[in-house]
Each structure stands twice: as structure tokens, then as C-alpha cells.
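Asks: take this sequence and fold it.
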Amino acid sequence: MKPVSELLRKREDTTLWHVRPEDTVYAALELLEGYETGALMVMDEGRLVGVFSERDYTRKIALKGRNSRETPVREIMTSQVVSVGPKTGTRECMALMSEKRIRHLPVLDGHVVLGMISIRDLMDDIIQEHEHTIAHLESYIAS
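Replies: As a prediction, the model looks like this:
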């Protein structure tokens, strides 16, 4: 089980994709589309104050008939953020995401935001780990 910080280190783009609480939901949606992601961190003066996701938009704007061009992110973001530290293992992250029914998990070192991992990041890592194990076993069997 590797620490989640290893997943963050492997990334080519280390930009902390985020919006501000006062940004409109529409502007946040444009960023989601541009980054091809399902969630953004909500940062206020360098501090994590929430997470904005497609789910937040769907449940709190679209289904309630609210206007995304006028509604600030702070009104619909998830403010009770579940996060992990850089030494948290990938399997523990998977279990936490499953238990909390979330797909994105900010990684913090104290109050410093290091990044955010997604369920996709974890699944890609598990698949890569399994492929490595299979290749090792096939090599062992063949020799």
C-alpha cells in the first residue's frame, strides 16, 4: 500500500485546480469542463474551505431550478470536506471514499493543500499494481 503523496508526485500537472467561494457556479462549471474533471477545491486566501462537484451542481442548482450564472459557489459547495494527509495509504483512501460516497479527496499537510485525488486516480493505480503482479507471476511461471 503506497502513500497518496506518491500518486500526487506522478502527476505531470501539479496545478491546484480551484475556484473561490465568490465565483459563480457557471464559472466553476466552465473550469470543470476545461479541466475535464468532476470536482474543484474551493479556496479562500490559500485555505481550503470546500469542494464543488458536478453532484453539487446537479442536486443544488439543476434540480432546484436555480440560476448558475447568479449563484455563488459558496452557496452550494460541500463545506464539510473529507480530506487525508500525504502519508495516508491508497487502500485507506479507497475505503474512505466508498464509506463517505465521495469521488474526490483533497490531500492536506496540516492546512497546506497538496492536491486532490479522484477515484479514477486510485483505480488506475490499483490496475497498474495488478498488471505488475500478473507480469511478475507470468515471468515466474515461465522460468
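Asks: sec struct for Glu70, please.
Replies: When classified by DSSP: H, G, I helix; E, B strand; the rest coil, Glu70 comes out as coil.
Asks: burial of it, as a residue count?
Replies: By the measure other Cβ atoms under 10 Å, the count of residues near Glu70 is 10. All C-beta spots, glycine's among them, are computed from the backbone N, C-alpha and C.
Asks: contacting residues for it?
Replies: Going by Cβ atoms under 8 Å, 6 or more residues apart in numbering, Glu70 touches Thr24.
Asks: distance of it relative to Glu6?
Replies: Glu70 is 42 Å from Glu6, where distance means Cβ to Cβ, to the nearest Å.
Asks: quick one: low-confidence parts of the chain?
Replies: 12 (pLDDT under 70).
Asks: over to the nearest residue in space to Val19 that is not next to it in sequence: give its phi and psi.
Replies: Nearest non-adjacent residue to Val19, counting by Cβ to Cβ, 6 or more residues apart in numbering: Ala28, 4.6 Å away. Backbone torsions for Ala28, taken as degrees, to the nearest 10, come to phi -70, psi -40.
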